[in-house]
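**Q** Quick one, structure for this:
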Amino acid sequence: MFDQNNPNNPNKKNAMHPEDMRNMFIFFAVAAVLYFAYNFYVIGPQKEAMQIAKQKQAELAQNPQAPEAIKLAEIKNPLKRSEALTSQSAQRINIDNGKVRGSITTRGARIDDVALNEYFKSLKEQENVEVLSPDRTAFPRHIEYGWAASDKNIKLPTKDTIWQVRGNSTLSKDSPVTLTWSNGEGLIFERIISIDDKYMFTITQNVSNQSGKSVTLYPFGLISQRGQPPNFAGTWISHEGPLGYIGDEMNEPSYKSLRKETKESVTANQGWIGITDKYWLTAMIPPQGEDVKYTFNYAGTRKDPDNIGRFQSDYLGAAVTLSPSQTKTVQSRLFVGAKEVLTLKEYEKSLEIPQFNLAVNFGLLWFMSKPFFYILHYANDLIGNFGVAIILLTLLIRGAVFPLTNLSYKSFAGMKKVNPQIVELRKEYADDKQKLQQELIKLYQKEGVNPMSGCLPIILQIPIFFALYRVLFVTIEMRHAPFFGWINDLSAPDPTSVFNLFGLIPWDPPQVLMIGVWPCVMLLAMVMQKNLNPPPQDKLQKDMAFFMPFFFAFIMAKFAAGLVIYWTFSAIIGVLQQIIIMKRMNVPIHLFGETKAEEELDDQIDEGPGVHPLAQMAEDQFEEALGLDDEPPKPIKPPKPKKSKKKK
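**A** Next comes the predicted model:
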């Protein structure tokens with residue numbers, strides 16, 4: 001037998017080190033925890049959901065006549081719009097005012113068919129945008145008005161009531177339509193629907209009480225939508241879904257939040273409620289100055305894998321009490337159309353709709369986004385091209401920030417000018433880093449330059465960038481707005497790609513490789529701007545400065561072409577501004593290369609990371625404030641033990 005403590009023992013040589021054994025146990029423990037957690041939180045719920053879905057499908061297969069089975073079959077096999085419009089056994093009232101066309105069904109007096117004549121689904125302009133669609137289509141959304149009562153014995157019109165058309169059967173700007181229905185018990189309901197020359201309907205509801213007794217009714221309106229829109233983006237920058245200005249607060253619950261929990265009703269004496277898409281709005285405006293209850297609802301399963309749940313925005317108006325032989329009227333408004341900023345603002349003012357313009361969300365930087373929009377809008381009216389308007393806006397913005405950027409570019413030029421002196425200092429104090437930092441700081445102070453001043457233009461550009469991005473993203477005025485050449489939509493990314501030589505090679509690159517002409521031009525401008533800036537002071541900054549233009553061009557290629565055009569022209573203006581300043585200060589200009597001093601400085605930077613002079617300055621000031629720059633006190637020495645005197 002071998003002695004286990006003997007270092008020459010072969011079993012001892014092959015034995016696992018205690019730390020390795022500990023790490024192995026930790027690894028297996030962590031792996032087990034991760035496995036059981038994944039199985040419990042991911043695999044388990046998935047299996048349960050699949051089992052429930054299979055069970056549900058089996059139940060529906062056994063009973064194909066069940067309401068859920070019929071509804072699911074209709075959703076999975078939707079009708080074409082034309083088929084759905086003719087499938088109902090009810091008369092339809094045509095709508096056409098030039099901007100809006102569609103129809104109203106007399107069954108339930110629903111407004112469920114509205115398309116916009118001036119807006120198309122794509123640049124091919126083959127299909128108009130549809131805001132409302134009838135049931136059994138791929139994405140149904142309708143509007144319904146009616147009356148509710150606390151007394152269940154009162155017979156009221158429902159969604160299946162067939163209304164009678166009195167007089168005109170086509171709704172246009174100058175021709176309202178009138179619908180009537182009697183409950184056979186003395187209550188006669190009349191609904192007059194009119195429309196202006198844009199997107200605003202007026203709903204006038206009259207009730208005549210011939211029942212011989214007092215009746216209390218409550219007017220209501222609702223917008224019902226099944227599932228989320230097929231083109232729902234769900235981005236943080238633009239709200240899509242139920243919304244409403246209620247009282248003095250904007251409410252924007254998401255589809256996801258409504259699936260989790262129905263929002264509580266809110267009663268207010270002013271407001272409006274609806275459902276919005278990115279560019280289209282459906283909103284009801286009840287009578288103002290009365291207590292109205294507003295509610296956002298969701299009906300359906302919380303997970304809703306088949307997208308059959310119904311989202312609803314509705315309001316319940318103030319009580320209307322009718323004495324015998326009395327007639328009362330309730331009038332409300334309905335907006336169905338495009339979210340044109342000036343149109344919403346005009347309705348807000350003329351019809352006194354509170355904060356109706358907030359349907360277009362300009363975000364936290366609204367104080368910048370709104371002026372940008374109005375400048376672009378009126379410049380486009382004057383010039384006839386939103387792309388040129390963006391270039392003019394770029395000139396205005398650069399002019400507004402000129403004093404600040406001018407100071408920064410002067411400091412840039414000063415940094416370039418002192419590069420030869422920096423090279424000499426680095427050579428002279430190569431072995432004394434602390435002295436080098438002190439001399440560099442003295443040089444910067446003497447020449448009046450600041451290496452960090454270049455951050456100012458970038459900091460100024462960030463809020464401007466996001467404000468303009470918001471304008472291009474949320475305003476319909478920029479949608480399908482062309483520029484010159486291949487840019488047919490300034491709100492969409494550049495459709496070309498460098499990876500197929502901008503269309504010369506018959507190949508469609510994946511979306512991640514769509515880096516078009518304008519992002520490449522922007523890259524060129526940013527590279528020139530980088531080369532005009534002073535060289536970085538350490539290797540990390542140097543590497544970041546080299547890759548930043550390429551990274552930025554890759555990211556910006558996915559943004560709206562209008563935003564890339566703005567950034568490109570802004571960079572070009574910055575390059576021209578820097579060149580002028582550098583010429584005035586007799587600083588060498590190299591757009592696509594480095595001066596000899598910069599090359600030497602790069603070589604010195606590559607030799608070692610060093611310490612940035614500003615970082616050293618901050619450290620010295622911190623130590624000085626804490627009194628750490630003084631010489632440390634001498635250590636206290638313990639007293640020497642006294643020597644005992646020897647007895648003589």
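
**Q** other SSEs contacting the helix or strand hosting Ala413?
**A** Element membership of Ala413, judged by DSSP states H and E, is helix 402-417. With contacts defined as 3 or more C-beta pairs under 8 Å, 6 or more residues apart in numbering; DSSP states H and E, the secondary structure elements packing on helix 402-417 are helix 455-474, helix 561-584. To be clear about C-beta, it is placed using only N, CA and C from the backbone, and glycine gets the same treatment.

**Q** I'd like to know which elements the helix or strand just after that helix is packed against.
**A** Proceeding N to C from helix 402-417, the next assigned helix or strand is helix 419-428, under DSSP H and E. Counting contacts by 3+ C-beta pairs under 8 Å, 6+ apart, the secondary-structure elements packed against helix 419-428 are helix 433-447, helix 596-607.

**Q** how about the helices and strands packed on helix 402-417 in CSV, adding mean pLDDT, distance to Tyr245 and mean neighbour count?
**A** What follows is these, written out as CSV (pLDDT from 0 to 100; distance: least, C-beta to C-beta, whole Å; neighbours: other C-beta atoms under 10 Å):
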stretch, mean pLDDT, distance to Tyr245, mean neighbour count
helix 455-474, 83, 17, 18
helix 561-584, 91, 29, 20
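
**Q** May I see the domains of this structure written out as residue ranges?
**A** For the chain, automatic domain parsing gives the domain ranges 81-361, 369-626.

**Q** which stretch in those domains has the least confidence?
**A** For the domains of the chain, mean pLDDT drops lowest on domain 369-626, to a mean of 81.

**Q** Ser172 reaches Ser194, doesn't it?
**A** No. The pair Ser172 and Ser194 fails to qualify as a contact (C-beta atoms under 8 Å) at a distance of 9.3 Å.

**Q** beta partners of Arg101?
**A** Using DSSP bridges, the bridge partners assigned to Arg101 are Asp96, Ala115.

**Q** residues touching it, list them.
**A** Arg101 makes contacts with Asn94, Ile95, Val114, Ala115, Asn117, Asn128, as judged by C-beta atoms under 8 Å, 6 or more residues apart in numbering.

**Q** can we see that at 10 Å?
**A** Counting by C-beta atoms under 10 Å, 6 or more residues apart in numbering, Arg101 touches Asn94, Ile95, Asp113, Val114, Ala115, Leu116, Asn117, Asn128, Ser172.

**Q** Quick check: it vs Trp147, distance?
**A** Taking C-beta to C-beta, to the nearest Å as the criterion, Arg101 is separated from Trp147 by 29 Å.

**Q** before we move on, back to that, how about a markdown table for the helices and strands packed on helix 402-417, with distance to Tyr298 added?
**A** Formatted as a markdown table, these follow (distance: least, C-beta to C-beta, whole Å):
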| stretch | distance to Tyr298 |
| --- | --- |
| helix 455-474 | 25 |
| helix 561-584 | 35 |
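
**Q** for those, which one sits closest to Ile375?
**A** Comparing the helices and strands packed on helix 402-417 by their distance to Ile375 (C-beta to C-beta), the top pick is helix 455-474, with 9.5 Å.

**Q** Show me what the closest one packs onto, helices and strands only.
**A** Helix 455-474 makes packing contacts with helix 366-383, helix 386-400, helix 402-417, helix 561-584 when contacts are defined by 3 or more C-beta pairs under 10 Å, 6 or more residues apart in numbering; DSSP states H and E.

**Q** In CSV, list the C-alpha atoms belonging to the following helix or strand past it.
**A** Using DSSP H and E, the helix or strand that directly follows helix 455-474 along the chain is helix 517-532. Backbone C-alpha positions of helix 517-532 (Å, rounded to 0.1, in the frame of the first residue of the first chain) are rendered in CSV as follows:
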residue,chain,number,x,y,z
VAL,A,517,-26.8,55.4,-49.2
TRP,A,518,-27.7,58.1,-46.7
PRO,A,519,-26.2,56.2,-43.7
CYS,A,520,-23.0,55.8,-45.7
VAL,A,521,-22.9,59.5,-46.5
MET,A,522,-23.4,60.2,-42.8
LEU,A,523,-20.6,57.8,-42.0
LEU,A,524,-18.3,59.7,-44.3
ALA,A,525,-19.2,63.0,-42.7
MET,A,526,-18.7,61.6,-39.2
VAL,A,527,-15.3,60.2,-40.1
MET,A,528,-14.2,63.7,-41.4
GLN,A,529,-15.5,65.3,-38.2
LYS,A,530,-13.6,62.8,-36.1
ASN,A,531,-10.4,63.5,-37.9
LEU,A,532,-10.8,67.2,-37.4
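
**Q** so helix 517-532 versus helix 561-584, what angle?
**A** 30 degrees (axes from the mean of the first three to the mean of the last three C-alpha atoms, to 10 degrees).

**Q** Determine the set of other helices and strands touching helix 517-532.
**A** For helix 517-532, the elements it packs on are helix 402-417, helix 539-556, helix 561-584, judged by 3+ C-beta pairs under 10 Å, 6+ apart.

**Q** would you turn those helices into TSV with distance to Gln210?
**A** Formatted as TSV, the entries for the helices and strands packed on helix 517-532 read as follows, by distance: least, C-beta to C-beta, whole Å:
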stretch	distance to Gln210
helix 402-417	75
helix 539-556	69
helix 561-584	61
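
**Q** I appreciate the help and will end here.
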